[in-house]
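A.B. asks: Just a sequence and a predicted model for now, questions to come.
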Amino acid sequence: MAILRIRYETGEPEHVIEFDPSQAPFQHDGQPGSILDVMLARGIPLEHACGGNCACTTCHVIVKSGMAHLSENTEEEDDLLDKAPGLTPTSRLGCQAVISEGEVAILIPRYTINQPVR
């Protein structure tokens, strides 16, 4: 089993999702078992302008804990993340970060590439 804790920079209520990673994919956007896949399957929105195909940064999330429970970054993902507003050392693309087990906590940034910082 795995747990995904979702917090928002905007102050929206936190979500906690418990799921079985072996049941992935849960829907059709992002890598099977990715943060995006899990969130959308539970009806929790996460912007993903490219359809979860690792072609934009709108699904940028900041991993607060549980990085060891996520798949490794690819070079393609790292190159895209360089363009994400609010980039941190623990930034990931929700469509690419696959949860294997354990507990992962993320923060959804206030702004995306489609919502410029003012």
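C.D. replies: Arrived safely, thanks for sending.

A.B. asks: What about Cys95? Give its phi and psi, please.
C.D. replies: Phi and psi for Cys95, reported as degrees, to the nearest 10, are phi -80, psi -20.

A.B. asks: How many residues are close by it?
C.D. replies: By other Cβ atoms under 10 Å, the residues close to Cys95 number 29. Placement of C-beta: from N, CA and C, glycine included.

A.B. asks: Could you do the one 10 residues further on as well?
C.D. replies: Using other Cβ under 10 Å as the criterion, Ala105 is surrounded by 17 other residues.

A.B. asks: cool, Leu4 as well?
C.D. replies: 21.

A.B. asks: what do you get for Gly102?
C.D. replies: Gly102 - counted by other Cβ under 10 Å - has 14 other residues nearby.

A.B. asks: check contacts around it.
C.D. replies: Residues in contact with Gly102 (Cβ atoms under 8 Å, 6 or more residues apart in numbering) are 2-3, 66, 68-69.

A.B. asks: Please repeat the previous calculation with a cut-off of 6 Å.
C.D. replies: 66, 69 (Cβ atoms under 6 Å, 6 or more residues apart in numbering).

A.B. asks: if I look at it, how far off is Ser22?
C.D. replies: With distances taken as Cβ to Cβ, to the nearest Å, Gly102 is found 14 Å from Ser22.

A.B. asks: Relative to Gly11, how far out is the spatially most central residue of the chain?
C.D. replies: By Cα atoms, centre = their mean, the chain has its centre lying nearest to Gly94, at 2.3 Å. Using Cβ to Cβ, Gly94 is found at 19 Å from Gly11.

A.B. asks: all strands of this protein, in order?
C.D. replies: 2-8, 15-19, 60-65, 91-93, 102-108 (DSSP state E).

A.B. asks: With mean pLDDT and distance to Glu77 added, can I get these in CSV?
C.D. replies: Compiled in CSV, these are given as follows (pLDDT from 0 to 100; distance: least, Cβ to Cβ, whole Å):
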stretch, mean pLDDT, distance to Glu77
strand 2-8, 97, 18
strand 15-19, 97, 22
strand 60-65, 98, 10
strand 91-93, 98, 5
strand 102-108, 97, 15
